[in-house]
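Student: requesting a structural model of the entry that follows:
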Amino acid sequence: MSSAAPTLSRRIALSLAASAALPLGHAKAATLSVKVAYIPILPMAQLFVIMGEGWAEEAGIDLQLTRFSSGPAMVQALASGSYDVAYVGIGPAMVARASGLDLRVVAANGVGQGSLIGLGDFAAAFTATAKPADAFAAFHRSSGHPVRIATLPKGSVPDTVLRYWLNEVAHVAPEDVQVLGVGEDRVQQALLAGSADAASVLEPILTVVQERVPSARVLVTGGQMFPNQPGSILGMRESFIKASRPAAETLVALHVRATKLIAADPNRAASNTLKLLGAGLISQETLEHAFRSPAMHVIADPHLIEASSEKLGTYQVQIGSLGKTVPMAELFDTSLYDALKPDAK
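Tutor: The predicted model follows:
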């Protein structure tokens, strides 16, 4: 990157309070290309805002995005060394780190974002029964099949928190539930087609399904499924941080700035997101509703999810989706966030 990059990074950090878009017409030529892997779900909204507002381009950084259907699929790609930055779930990030990849968590995206949504007879049984386990059993008896819950593949955050809630909180009998691990797009398809009775999933799918299926309702919120549920994160390769630290600092600063914009102006955030996430498949109005959903609790401070991430990792080891425990000191690199001015956080 050019020698002006450190000064630019500090200037951006000092101006985080401003929510106005930087003028795209005056963006400087990009001096550094950064390859970014991401999943097209609303918990990655900070990335969509950064791209939509043109902030990275203004900062002289060319973000080259590649879309993945799930975190586990992304981990395989990260192993090739083809990506510098990842907007991914904390679960797959731990899997990547345990596999020897030099991925570090540098910022959080949000907490409590994965919820359990149910449809039709199962949703009715759930709301009519005091104990969730009894609702699962009753539905199994009446329908002749266990409750089919669609979610992302094993190792993802939605899958892990679902299994935690089923086993440790609701104590649902294994024979009364069937977990279907599929890609993000297929979770929505399964719900809309009625081939799943419920899903452990994120926005905007929660809002889309509730708009299109009258019987759909959120049955268990993210915090009820897993306390202070950690979710998606901004991850960076150690090699990238070392080689391009000014750019890494700038991206974390922009991530924090985007987090503030999402909280202050969800409609504008939705407009930015529509450019990358919508692609004609979702309306501006639906995205605005999704940004106001209780599941869209955005944060940036990585310190806020360290303890719950450690608990999540311990459970991943217990259920076999993580080969070994990952020390949080090895997974998290909070130095980029900590370097921001106090009034910029």
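
Student: secondary structure class for Leu312?
Tutor: Using DSSP: H, G, I helix; E, B strand; the rest coil, the structure places Leu312 in helix.

Student: my bad, Gly81
Tutor: coil.

Student: OK, contacts around it?
Tutor: For Gly81, the contact set (Cβ atoms under 8 Å, 6 or more residues apart in numbering) comprises Arg237. The way it works is simple: take the backbone N, C-alpha and C, and place the C-beta from them, glycine included.

Student: next: Val208.
Tutor: 188, 282, 286, 290.

Student: which of the residues in the helix or strand harbouring the third one are buried?
Tutor: So that's Thr286. Using DSSP states H and E, Thr286 falls within helix 284-291. Going by neighbour count (16 or more other Cβ atoms under 10 Å), the buried part of helix 284-291 is 286-291.

Student: so how far is stretch 106-117 off the chain centroid?
Tutor: Distance of stretch 106-117 from its chain centroid, counting by Cα atoms, centre = their mean, to the nearest Å, is 6 Å.

Student: alpha carbons of it, in CSV - could you do that?
Tutor: Taking C-alpha atoms only, stretch 106-117 is exported to CSV below (Å, rounded to 0.1, in the frame of the first residue of the first chain):
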residue,chain,number,x,y,z
VAL,A,106,-10.7,-8.8,14.7
ALA,A,107,-14.3,-7.5,15.2
ALA,A,108,-17.8,-8.8,16.1
ASN,A,109,-20.8,-8.3,13.8
GLY,A,110,-23.6,-9.0,16.3
VAL,A,111,-25.1,-11.2,19.1
GLY,A,112,-28.2,-13.2,19.4
GLN,A,113,-28.9,-13.2,15.7
GLY,A,114,-29.8,-16.9,15.1
SER,A,115,-33.4,-17.8,16.1
LEU,A,116,-35.8,-20.8,15.8
ILE,A,117,-38.7,-20.2,13.5
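
Student: quick check: next helix or strand after whichever strand or helix holds Gln76?
Tutor: Counting by DSSP H and E, the element that carries Gln76 is helix 71-78. Going down the chain from helix 71-78, the next helix or strand is strand 85-89, by DSSP H and E.

Student: most centrally placed residue in this structure?
Tutor: Ser232 (3.0 Å; Cα atoms, centre = their mean).

Student: contacting residues for that residue?
Tutor: 39, 41, 43-44, 87-90, 109-110, 113, 157.

Student: identify the residues contacting the helix holding Thr286?
Tutor: 42, 45, 203-204, 206-208, 211, 262, 266-267, 269-271, 273-274, 277-278, 296.

Student: go ahead and measure how far it is from the middle of the chain.
Tutor: 17 Å.

Student: what segments of the stretch 1-150 of the chain are strands?
Tutor: Using DSSP state E, counting those that start in this stretch, the strands of the stretch 1-150 of the chain run over 32-38, 61-67, 85-89, 103-108, 115-118, 147-151.

Student: ok, and what's touching the shortest one?
Tutor: When contacts are taken as Cβ under 8 Å, 6+ apart, the neighbours of strand 115-118 outside the stretch itself are 126, 149, 162, 165, 191, 197-202, 205-206, 209-210, 216-222, 225, 295.

Student: can you select the buried ones among these for me in ChimeraX?
Tutor: What follows is the ChimeraX syntax selecting those of the contacts of strand 115-118 that are buried according to 16+ other Cβ under 10 Å:
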select :126,149,162,165,191,197,198,199,200,201,202,205,206,209,210,216,217,218,219,220,222,225,295
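
Student: narrow the contacts of strand 115-118 to those in strands?
Tutor: Taking DSSP state E, the ones among the contacts of strand 115-118 that sit in strands are 149, 198-201, 217-220.

Student: from the residues you listed, which is closest to Glu58?
Tutor: Taking Cβ to Cβ as the measure, Glu58 sits nearest to Val201 out of these, at 34.0 Å.

Student: nearest residue to the closest one other than its sequence neighbours?
Tutor: Val187 (5.2 Å; Cβ to Cβ, 6 or more residues apart in numbering).

Student: measure Ala307 to Leu322 for me?
Tutor: Going from Ala307 to Leu322 by Cβ to Cβ, to the nearest Å gives 17 Å.

Student: more neighbours, those two?
Tutor: Leu322 (23 against 13; other Cβ atoms under 10 Å).

Student: tell me where the stretch 201-345 of the chain has strands.
Tutor: Counting by DSSP E, counting those that start in this stretch, the strands of the stretch 201-345 of the chain are 217-220, 232-237.

Student: quick one, phi psi at Gly183?
Tutor: phi -70, psi 160 (degrees, to the nearest 10).

Student: quick one: which of the strands of the stretch 201-345 of the chain is nearest Val34?
Tutor: Using Cβ to Cβ, the strands of the stretch 201-345 of the chain put strand 232-237 closest to Val34, at 9.3 Å.

Student: what lines up beside the closest one in the sheet?
Tutor: Strand 232-237 pairs in its sheet with strand 85-89 (antiparallel), strand 103-108 (antiparallel), by DSSP bridges.

Student: most packed of these?
Tutor: strand 85-89 (a mean of 30; mean count of other Cβ atoms under 10 Å).

Student: now it, how far from the centre of its chain.
Tutor: 8 Å.

Student: likewise stretch 105-118?
Tutor: Per Cα atoms, centre = their mean, the centroid offset for stretch 105-118 relative to its chain is 6 Å.

Student: how far does it stretch from one end to the other?
Tutor: 32 Å (Cα to Cα, to the nearest Å).
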